[in-house]
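Asks: need a 3D model of the following:
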Amino acid sequence: MKYLFKFKSKKSLKGFTLIELMVVIALFSTIMTVAIGALFSAQAVNVKLQQTQIVIDGINLAIEEMVRDIRYGSQFYCTDFAFIQAFPATMPDRQDCLYPTGNTAIVFKPANGLTSLNHPNDRIAFYVSSNAIYKKLLPEGDLNSAPMQVTASDIKINSLFFYVKGTGTSVSSTPDFVQPVITVSITGVTTKSQTNQVKFTAQTTISSRKIDK
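Replies: Next up, the predicted model:
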C-alpha cells in the first residue's frame, strides 16, 4: 500500500523574522500615535468651538440688554463706577465721554419710569465690576437697589468702555436736536475651561431713538 501523504521538512517552513515583526510593530505604533493625536486635536477644536459659541451667546444677550434700554433712553451721563457707588440724589443732566478716552459706566433716564410715580430722576446704569457687566435700576428714593448681573458667570469681562457723543445740554430757549451716539466696546475671555479659553472683542454703536432736546 502506498501513501500519498507528503511531509515538508522543517527547513522548508517559513515565518516572520524578528526584524519583520519589529518593523510591523513600529509602523503600527506610528499610525496609532498619529491617529490618537488627530483625535485629540479634533476634540480640542470641538471644545474651542463650544467655548466660542458660549461667548457669542453670552455677549449677544448682554449687548441686547444694553442696546434695548439705551436706544429708548435719554439724558445720557457717561461716568465711572465710583460715581455709581456714590449716586447723587439729583442726577446731573448730561455728559459726553469722547473717543479714545471713554469711560466705564453710563447712566441715563429710561423711556418709562421705574415705579408708578414715573419720577424724572429715575435712572438706569450699566457698568463693569468684578469682571462682570451689571445693570442697576436707580429709582428716585431707592438708590441702594441690588444690581443685576448681565453677563454669564463663565465669561470674564476684561474691559467695558462707553464712548458718548452729542448729549448736548438741555436749554429750553435753544433746544438741542442732535441725537446722541453711544458706542460700547467690550473685551473678555471665557472661563469655563482654563486650557481652552477664548478671547473676544465686541463693539456696537447705538443711536437714541427718542428726540434729544
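Asks: alpha carbons only for contacts and neighbour counts from here, please
Replies: Fine.
Asks: could you point out the helix or strand that follows the one helix or strand residue 30 maps to?
Replies: If you go by DSSP states H and E, residue 30 is part of helix 18-71. Next in sequence after helix 18-71, counting helices and strands by DSSP H and E, comes strand 74-79.
Asks: C-terminal to that next one, what's the next element?
Replies: The helix or strand immediately downstream of strand 74-79 is helix 81-85, counting by DSSP H and E.
Asks: so what strands line up beside the following helix or strand past that next one?
Replies: As assigned by DSSP H and E, the chain's next helix or strand after helix 81-85 is strand 105-109. Within its sheet, and counting by DSSP bridges, strand 105-109 is paired with strand 74-79 (antiparallel), strand 123-129 (antiparallel).
Asks: in TSV, list these along with mean neighbour count and mean pLDDT.
Replies: Formatted as TSV, these follow (neighbours: other C-alpha atoms under 10 Å; pLDDT from 0 to 100):
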stretch	mean neighbour count	mean pLDDT
strand 74-79	24	91
strand 123-129	23	93
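Asks: got a pLDDT number for residue 73?
Replies: Model confidence at residue 73, given as pLDDT, is 90.
Asks: since we're on it, how many residues are nearby?
Replies: Taking other C-alpha atoms under 10 Å as the criterion, the count of residues near residue 73 is 23.
Asks: give me the angle between the helix holding residue 30 and strand 123-129.
Replies: Helix 18-71 runs at 150 degrees relative to strand 123-129, counting by axes from the mean of the first three to the mean of the last three C-alpha atoms, to 10 degrees.
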